[in-house]
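Colleague: Sequence first, then the predicted structure, then my questions.
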Amino acid sequence: MAIFPMKRVAFTGVIAASFTPVNADYSLSRDVVPQSAGHLARQKVAGVFIGGSIGEWASLSRKERRVLAEAWRKACGPILKLIVHV
């Protein structure tokens, strides 16, 4: 028996692996997230995978990872599924 039982979720459609937007000083650029989510939704993408498309998750602090996930959760709304690399 698993310590943390997981519920199986079936994903269908295209799940896009998005980049992590950063400013010139390498701080997170949260204002880009709603634009990216809107673009993906208009393209009829089913969901988005964040924080791990090019291995950037390991370079972010816990706070930055949380801020990024929260920004995407808000931007995805009920339209896009969200997968967060942990």
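Modeller: Received it, and whenever you're ready, just let me know what you need. Quick caveat: nothing in here was measured; it's all calculated off a predicted structure. Numbers count the residues shown, from 1 in each chain.

Colleague: Now do the phi/psi pair for the spatially most central residue of the chain.
Modeller: When Cα atoms, centre = their mean is applied to the chain, the residue found nearest the centroid is Ile50 (2.9 Å). Main-chain dihedrals, Ile50, degrees, to the nearest 10: phi -120, psi 150.

Colleague: With Ala16 instead?
Modeller: According to degrees, to the nearest 10, Ala16 has phi -90, psi 140.

Colleague: Check whether it really touches Lys44, as I assumed.
Modeller: No. Counting by Cβ atoms under 8 Å, Ala16 does not reach Lys44; the two are 10.8 Å apart. Backbone N, C-alpha and C define where each C-beta goes, glycine included.

Colleague: Just give me the longest helix of the protein.
Modeller: helix 62-76 (DSSP state H).

Colleague: Can you give me the distance of the residue nearest to the centre of the chain to Pro5?
Modeller: 25 Å (Cβ to Cβ, to the nearest Å).

Colleague: Now for the closest residue to Ile83 other than its chain neighbours, how many residues are close by?
Modeller: Among residues not flanking Ile83 along the chain, Phe49 sits closest, at 4.4 Å (Cβ to Cβ, 6 or more residues apart in numbering). Neighbour count for Phe49, taken as other Cβ atoms under 10 Å: 16.

Colleague: Repeat that for Pro5.
Modeller: Neighbours of Pro5 using other Cβ under 10 Å come to 6.

Colleague: can you check Lys74 too?
Modeller: 12.

Colleague: try Arg66
Modeller: The tally of other residues near Arg66 (other Cβ under 10 Å) stands at 12.
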